[in-house]
Every structure is written in structure tokens, then in C-alpha cells.
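Q: Need coordinates for the below:
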Amino acid sequence: MDWCTQLPNNGTLALAMAAALNNTGRPIWLNFHCDGTFAEWCPEAGNSWRMARDHHDNWEVTSAVIDQLKDLAPNAGPYHWNDPDFLMVRIYGTCSLPDRLC
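A: The predicted structure is shown next:
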């Protein structure tokens, strides 16, 4: 579930979606994007949640995401995980050495 700044960081909406999915009686993993911020309702509403903004192939941004993850570790547990998104290790045009992997 990704409202990516189109809607406010909405715990009510996430909890309603979680309830609807749970009412199906089928096992479903719910991951959602909280616009780069952790909210108290995240562990109650979903199985995993984006806890940082998008990050790319530079150490400063990646290091900041790791720092956020460290601070949010107490919120994780069985079937409830902080999701640091993904690390883009090579994006065309971002490397000063185009013939090498950066």
C-alpha cells in the first residue's frame, strides 16, 4: 500500500485495509509506505512498513537510512519488520566511471 505523499500518512486508512485483508481469512502480507516516517500504528496495521525515504547510490543517504533503521529496531518483531526499501547500487548517469561498477 503506497500513497507516496498523495494522501496524508494515514493510520486510519492503513488499519482499515489491514482489517479488510484479515477478514478474508487468507494469509496476506501487508507492506505499506509511510512517506519516510515511522508512525505508532505501523506494527499494528501491517507486517512491514517503509521507514525511510527512497535512497540511491550514495553513502550519505544510505548511512542516514541505516541510522534510522537502528533507531527503529525496537518496533520490529515476528511478522512486523521495518523496511528500509532497497539500495540502488548503479543508476545510469550517477557514476563518474561509466566503464566500471561504482
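Q: Grab the longest helix from the protein for me.
A: helix 59-72 (DSSP state H).
Q: Report the mean per-residue pLDDT for that one.
A: Helix 59-72 shows a mean pLDDT of 82.
Q: what's the neighbour count on Leu13?
A: Leu13 has 15 neighbouring residues, counting by other C-beta atoms under 10 Å. Backbone N, C-alpha and C define where each C-beta goes, glycine included.
Q: in which helix or strand would I find it?
A: Element membership of Leu13 [criterion: DSSP states H and E] is helix 11-22.
Q: Now that helix: buried residues?
A: By neighbour count on 16 or more other C-beta atoms under 10 Å, the buried set for helix 11-22 is 14, 17-18, 21.
Q: Below-threshold pLDDT in the protein: ranges please.
A: Where the chain drops to pLDDT under 70, the residues are 2-9, 34-37, 55-57, 86-102.
Q: circling back: closest one of the buried residues of helix 11-22 to Met1?
A: Nearest to Met1 among the buried residues of helix 11-22, counting by C-beta to C-beta, is Met17 at 5.9 Å.
Q: what's the distance between that closest one and Trp59?
A: Using C-beta to C-beta, to the nearest Å, one gets 35 Å for the distance from Met17 to Trp59.
Q: residues contacting the residue nearest to Asn75 when sequence neighbours are not counted?
A: Leaving aside its sequence neighbours, Asn75 sits nearest to Pro43 (C-beta to C-beta, 6 or more residues apart in numbering; 5.7 Å). Residues in contact with Pro43 (C-beta atoms under 8 Å, 6 or more residues apart in numbering) are 49, 75-77, 80.
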